[in-house]
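> For reference, the sequence and a predicted model appear below.
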Amino acid sequence: MHIAIAGNIGSGKTTLTKLLAKHYGYKPMYETTDRNPYINSFYEDMRRWSFNIQIYFLHTRVRQLLDIRKEYENIVQDRTLYEDAYIFAPNLHDMGLMNTRDFENYQATFELISSFIQPPDLLIYLRGDVPSLIRQIQHRGREYESAIRLDYLSSLNQRYDAWVANYDKGKLLTVDINELNFADHAEDLGVVINKIDAEFNSLFTEH
């Protein structure tokens, strides 16, 4: 079973990955943002480093996924490679922060690589409004995120909603982080787990 968790910056993907991995006994697959050599440079000058950071995310995420699937049948993944291609890269292009030549190069590379990758059995989308995202970003206090622009977060949110509305690669579960605080309240985590179990049951019934 492959669960993947998608959501905007600050939505709680890493926290939910940890909690679900512990609950189900699955292997967690965390995003390697803190080891990304481009992350600080990107937030300081998005136009200069946008292509570099997206290519780095693409190849490291695919490599990590392939490596972990060799050893473990059941995983919980913190962010998907689809989000890079359908949300972050197009958003950078539309904002004028990635030129068309680089964007088309990135898209072609993604299409080739993704044709070899199996999509997750269940995608969990953590949806939240911008104020909720800002509160969580400030709470975790990552220095490189202090320069994130509000319009950038807002445009990402719009893209996430549009992408999820047309998602057709497998089962989808949307969790509203404005209403459920699974990080601090066990009962809210229980609500999320019950929803996941219902999706699992339907998966097994279909198969």
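Noted; the coordinates are in hand. Numbers count the residues shown, from 1 in each chain.
> what's the single longest helix in this structure?
Assignment by DSSP state H gives helix 46-71 as the longest helix of the chain.
> could you say what helices and strands it packs with?
Judged by 3 or more CB pairs under 8 Å, 6 or more residues apart in numbering; DSSP states H and E, the packing partners of helix 46-71 are strand 27-29, helix 39-44, strand 75-78, helix 81-83, helix 89-94, helix 100-114. Bear in mind the C-beta positions are built from the backbone N, C-alpha and C, glycine included.
> quick one: contacts for the spatially most central residue of the chain?
Geometric centre of the chain, nearest residue: R79, 2.6 Å, by CA atoms, centre = their mean. For R79, the contact set (CB atoms under 8 Å, 6 or more residues apart in numbering) comprises A4, I5, A6, G7, K13, E31, R61.
> Do me a favour and get the backbone dihedrals for it.
Here is the backbone geometry of R79 (degrees, to the nearest 10): phi 70, psi 150.
> gap between N40 and E83?
Going from N40 to E83 by CB to CB, to the nearest Å gives 21 Å.
> which one of the two has more residues nearby?
Set N40 next to E83 and count neighbours by other CB atoms under 10 Å: E83 wins out with 22 against 13.
> show me what contacts the spatially closest residue to the more buried one that is not a sequence neighbour?
Nearest-residue entry for E83: A6, 5.6 Å, with adjacent residues in sequence omitted and distances by CB to CB, 6 or more residues apart in numbering. A6 makes contacts with K13, R79, T80, Y82, E83, L123, I124, Y125, L126, Y160, V164, as judged by CB under 8 Å, 6+ apart.
> what does R159 give?
R159 neighbours (CB under 8 Å, 6+ apart): Y86, I87, P90, N91.
> Which helix or strand contains it?
According to DSSP states H and E, R159 maps onto helix 150-165.
> Could you do F182 as well?
Per DSSP H and E: F182 is located in neither a helix nor a strand.
> pLDDT-wise, which helix or strand of the protein ranks last?
helix 130-140 (a mean of 83; mean pLDDT, DSSP states H and E).
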